[in-house]
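> Have a look; sequence and predicted model below, questions after that.
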There are 4 protein chains.
Amino acid sequence: MKHGRVVIERVDSALLQGNAAGDPHVRRVPVYLPPSYDASPTRRYPVVYVLTGFTGRGRMLLNDNPWSPSLDDRMDAMIERGCDEMILVMPDCFTRFGGSQYLNSSATGRYQDHLVGELVPWIDGRYRTLASRDHRGVAGKSSGGYGALIMGLKHADTFGALACHSGDVCFDYCYRPDLPKFCAAIQRGGGLESWLKHFEAGVQKSSDDLHVLNMLAMAACYSPNPATRPFGLDLPIDVATGRWRDEVWQRWLEHDPLLLVERHYDALRSLRLLYLDCGTRDEWNLHLGARLFVERLEQFRVTHEYQEYDDGHMNVSYRYDTSLPKLARALAPPPGTT
Amino acid sequence: MKHGRVVIERVDSALLQGNAAGDPHVRRVPVYLPPSYDASPTRRYPVVYVLTGFTGRGRMLLNDNPWSPSLDDRMDAMIERGCDEMILVMPDCFTRFGGSQYLNSSATGRYQDHLVGELVPWIDGRYRTLASRDHRGVAGKSSGGYGALIMGLKHADTFGALACHSGDVCFDYCYRPDLPKFCAAIQRGGGLESWLKHFEAGVQKSSDDLHVLNMLAMAACYSPNPATRPFGLDLPIDVATGRWRDEVWQRWLEHDPLLLVERHYDALRSLRLLYLDCGTRDEWNLHLGARLFVERLEQFRVTHEYQEYDDGHMNVSYRYDTSLPKLARALAPPPGTT
Amino acid sequence: MKHGRVVIERVDSALLQGNAAGDPHVRRVPVYLPPSYDASPTRRYPVVYVLTGFTGRGRMLLNDNPWSPSLDDRMDAMIERGCDEMILVMPDCFTRFGGSQYLNSSATGRYQDHLVGELVPWIDGRYRTLASRDHRGVAGKSSGGYGALIMGLKHADTFGALACHSGDVCFDYCYRPDLPKFCAAIQRGGGLESWLKHFEAGVQKSSDDLHVLNMLAMAACYSPNPATRPFGLDLPIDVATGRWRDEVWQRWLEHDPLLLVERHYDALRSLRLLYLDCGTRDEWNLHLGARLFVERLEQFRVTHEYQEYDDGHMNVSYRYDTSLPKLARALAPPPGTT
Amino acid sequence: MKHGRVVIERVDSALLQGNAAGDPHVRRVPVYLPPSYDASPTRRYPVVYVLTGFTGRGRMLLNDNPWSPSLDDRMDAMIERGCDEMILVMPDCFTRFGGSQYLNSSATGRYQDHLVGELVPWIDGRYRTLASRDHRGVAGKSSGGYGALIMGLKHADTFGALACHSGDVCFDYCYRPDLPKFCAAIQRGGGLESWLKHFEAGVQKSSDDLHVLNMLAMAACYSPNPATRPFGLDLPIDVATGRWRDEVWQRWLEHDPLLLVERHYDALRSLRLLYLDCGTRDEWNLHLGARLFVERLEQFRVTHEYQEYDDGHMNVSYRYDTSLPKLARALAPPPGTT
């Protein structure tokens, strides 16, 4: 088998300097270059940005696992089986709260702008990409799938195709059920600041902890408020009394892909590929969200492809074996052009 | 130690005959008679009706467990420690769906009327009770705690005191989070009828199954609709598409004790005792509900007593050791009267 | 359906007075009398003693559960379906450690003698039993299944038929794997006495706790030693150092039914019925033990019946629907004799 | 912070060619070179070989995790805090069965020889190591901790210091409890070959699956037998009947570090550092094994250092922050020599 190679870049972001969450502005961004890249010094390639989910960052796509290949090994194998060669870029939009949803937020940083406005031109400037939206795609899983949808909804001029695996859709079903437990955990933890401090100090992070952190992260992304202490965010549930704060929840819903379709269906219609899939036992009910999203797409006559499969939410990176060849075809240059 | 004795009555209910869920109209109702009952043939006693939670019925309060006494043994021990003697009645309002919430419903049966209008006079006619609301109380845990609240809110003329342990309050926090999973389970199970048939046929009932059944039961209790098939109930989530049905959810909320306070605070104010407690790690977030309910009570200046303790939702029948002596005091006849 | 009735006797045991574990010598023993008992004042019935598992005692067989009938309801239904009428006796051989294995032990009490020498004649003296081994059987599940085997191996002159559900067999597979964790838990708990005190004081008993208690109980039953503190028992693992004590383990193995067959196969051959079954997903590997036991029975040409079914160890009381009618047939008097 | 760099070598092993398990003979071996390596072209460094646990291989030590640094990042930080610079080598001794225990076996391959006889000279030939046992150490966790002990016991002439985290010790406690469940799983899975085929085909590997695979791997490592089908190994439990095979178990015990001390204490005494630690809640009871091993070391007057900490078996790579600086000191060249 021919092997591509991975370069781990350190990208210094001007936009992320001095970000509110105190996260680094220099990020390690792996770039996968396909097997022919070095030997074909004039050839240009389509690019796919692969976005990680909550608690993830680009390097984790390279993590080795004996029964689930890293993304570079996976891509080598796909190419061996006939997939067109592509460059893959693995951004790092991680934050102290576990993620950024690839959005701009005063509580985390301008990750949406960083991705679209900084990283894409940086990559196009350093690698032989086919530097246009028709040959640039985005894919991701979970919060990365959400990020891919956001790119398609709001930046279809930058990304011409997307694949969304188990993406965060229908916030009423994927987040809202966890908010009462979040509130209870924060109450027991002595408040937001105390809870986070304790979480960060602990050597083990339990699954329950990560559910709690997830809610904090979503508040940082969807309902930031620079006027509040300690983290500059509003919560849809009052952690002191347990009261629901519907005005904050409405701000979250403004970011729900389910609701964004009607505002941005033109953008979605312009995509060369809009691929989605989800496991039918998703622990965050995202298959319900996916079906409702697909229903919305059909209502607005947006061409798309949707698949379901028998699995849960975790450890489904094997789905890239399905989506990346589709993206490769959708983003391929016309025959004979490169 | 002196022992009371238990009579297990078979009560034939006219109101439950031909009930929609096909449940029996003859019910076994244990009655605990305190140690002095037989030897004091003219003495009359206060009565407390003890309501079981979801999947429960009166006889289960007598279940033996090596480290958690049955209710009769527990009452013997309380009396030994100085608690006033009382009669305890353990109604059976179980249904095919796992419970009735002690409400009237076209999908289950007229359990509220059965309890207040049939069982109370039946007991008063056969046992030496102090047959007035001032000496009649109600207690329960979980859905039984909900039932006790409903009796206080709507039948304070029948029950003059209540104790609610971990009662279903704040439906947005205790039920709503489970509805997406309910929908997904029913979809995988091939629809409501197929799911229930499979559930009933299985020799083991998993915790996940019971979560699903719980939602079905609540729909049967809170949003019955005789016009629908197969079970004569509406669901707040469309099980075919996953769409939220807010108009059905609003019907559920009409039954939320949190919202009923403002309509019935006068009734609550009339109680001789309104006692509530909840564990601070309640898996259904009922401690959040309890706090919000207490906040509402304070807003309407309803006298009450509220306790919290460090435990979850299950296996907390030891809390009756706290509540029943309080009820005994509240329901006791004036000194020298019996 | 015709109903039998249950009398809950209080049996005062001379043998259990002053027992080492400090458990009561007066025990509540439920006796199920079949539907025809009261109306047929001269008729005599076969009897089956039903032995509960670890943490169980006779009354628990009457526990109500909406989807798993209590033993009396279950027996009513079997008789309705054509099973011969029998008396069922539900002994209480519970101890502070969670059980007695129905053995004599200086650390718990003389439960084997109590059952065979006290309870059987006590029952025969008060109820119209067919008071001979040909009409007296024993059945049980888990540790109760072990007890049934012990009765067949050592008291076949008292019990002429037995049914063993998921009984403790092959100690190397069902107990030995838990001993390292037992040792670790006791070390963390500050020693035996401190651990048990803490366990007894806790309002919740976790599954892990009960695994630990189980090992303590088995040591009390299989390797008692009056010379040791605090509980008069030897452990097969040194809880201070973690060292294996093979000489103690060999004492346990002396009680393993697997090894007792060769000494007592004549007794087993004399039984009118030797029925065993086990679930193929038994969490204590008892289906492996059952198969090895059956292999041993075949080696010694002991007639028996063995069934397997697809389930685990817990909540399998529905297996009595299979075993009790078999026992009823095996223990039935010759036609026309009663 | 100064950063070292990682080279991922592809090492072609002659010894592993044609290995029985069909695993590749070309392995990817990451090598960490400390910050000063490139700028100090004549300086030589101590080396530590870091051995991964079951299901692991060298690359996994580089896996990124937001709250647990990869080994290279961890080493950078240790050096920043004052630790002496070292080269780290991360061997790949993974097999189809999940691991090799760093032993020679006819069922897997000659991994012990590969490590000592091939990889060590290969590294010494390509990197500026201090190429003697006094400056070469070995460390590992779980099965990697076992491997480190084996190197100390049998190859102290190659490795002059070792650190063992939660290493496999006292096989009676860490493996034997899992063998009955292994047998039951293989029976349900239709035999060894069918089980492994099903395991390999599944997209998700459950924790139960990995427990089963672990036993298969240990048999491949400790009791290989080229004469048997399908995998050339003997099992200590007969998977057809469930019978214990003590003669096979004795072959496993020959590999237990607990028993190897008395044969190889001279080697252990020669080490510059023998460091061990274990969490006191180890799910495989390895803290019991560690204590028994330490007891044995004391009996044979082997100098060592042992630590315990409050944690379980998984996700404890933070322990390298303790062990690697100790190894660095133990392996350091005399001042002024490099």
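That came through, no problem.
> Name the residues of stretch A:321-335 that come out as buried.
A:322-328, A:330-333 (16 or more other Cβ atoms under 10 Å in any protein chain shown). In short, each C-beta sits where N, CA and C put it, glycine included.
> got it, and stretch A:38-52?
Here stretch A:38-52 shows A:44-52 as buried, counting by 16+ other Cβ under 10 Å.
> Closest to chain C out of these?
Top of the list for closeness to chain C, among these and by Cβ to the nearest Cβ, is A:T52 at 35.5 Å.
> contacting residues for the residue nearest to the closest one when sequence neighbours are not counted?
Computed as Cβ to Cβ, 6 or more residues apart in numbering or on different chains, the closest residue to A:T52 that is not its neighbour in sequence is A:G144, at 5.0 Å. Applying Cβ atoms under 8 Å, 6 or more residues apart in numbering or on different chains, we find A:G144 in contact with A:50-53, A:56, A:102, A:165, A:167.
> Please report the residue range of the longest helix in chain A.
helix A:207-222 (DSSP state H).
> Give me the residue at the spatial middle of chain A.
Centroid-nearest residue in chain A: A:G144, 1.7 Å away (criterion: Cα atoms, centre = their mean).
> how about the helices of chain A, start to end?
Going by DSSP H, chain A shows helices at A:71-80, A:111-113, A:120-126, A:143-154, A:171-174, A:179-188, A:192-201, A:207-222, A:246-253, A:257-269, A:286-299, A:320-331.
> looking at these, which is buried most?
helix A:143-154 (a mean of 27; mean count of other Cβ atoms under 10 Å in any protein chain shown).
> and the angle from that helix to helix A:286-299?
Relative orientation of helix A:143-154 and helix A:286-299, computed by axes from the mean of the first three to the mean of the last three Cα atoms, to 10 degrees: 10 degrees.
> List the contacts of the closest residue to chain B within the stretch 101-250 of chain A.
At 3.2 Å from chain B, A:P177 is the closest residue in the stretch 101-250 of chain A, using Cβ to the nearest Cβ. With contact set as Cβ under 8 Å, 6+ apart, A:P177 has these partners: A:285, B:176-178, B:180.
> confidence score at A:T337?
Per-residue confidence (pLDDT) for A:T337: 67.
> cool, A:P334 as well?
Model confidence at A:P334 (pLDDT) stands at 85.
> Widest-spaced pair of the contacts of A:P177?
Taking Cβ to Cβ, the two most distant members of those are A:N285 and B:R176; they sit 12.2 Å apart.
> pretty sure A:N225 is touching A:L233, no?
Yes. Between A:N225 and A:L233 there is a contact under Cβ atoms under 8 Å: 5.9 Å.
> which neighbours do the two share?
In contact with both A:N225 and A:L233: A:A107, using Cβ under 8 Å, 6+ apart.
> Between those two, point out the one with more neighbours.
A:L233 (26 against 16; other Cβ atoms under 10 Å in any protein chain shown).
> ok, that one - contacts?
Counted by Cβ under 8 Å, 6+ apart, A:L233 has contacts A:107, A:216, A:219-220, A:223-225.
> who are the neighbours in contact with A:S270?
Per Cβ under 8 Å, 6+ apart, neighbours of A:S270: A:156, A:160.
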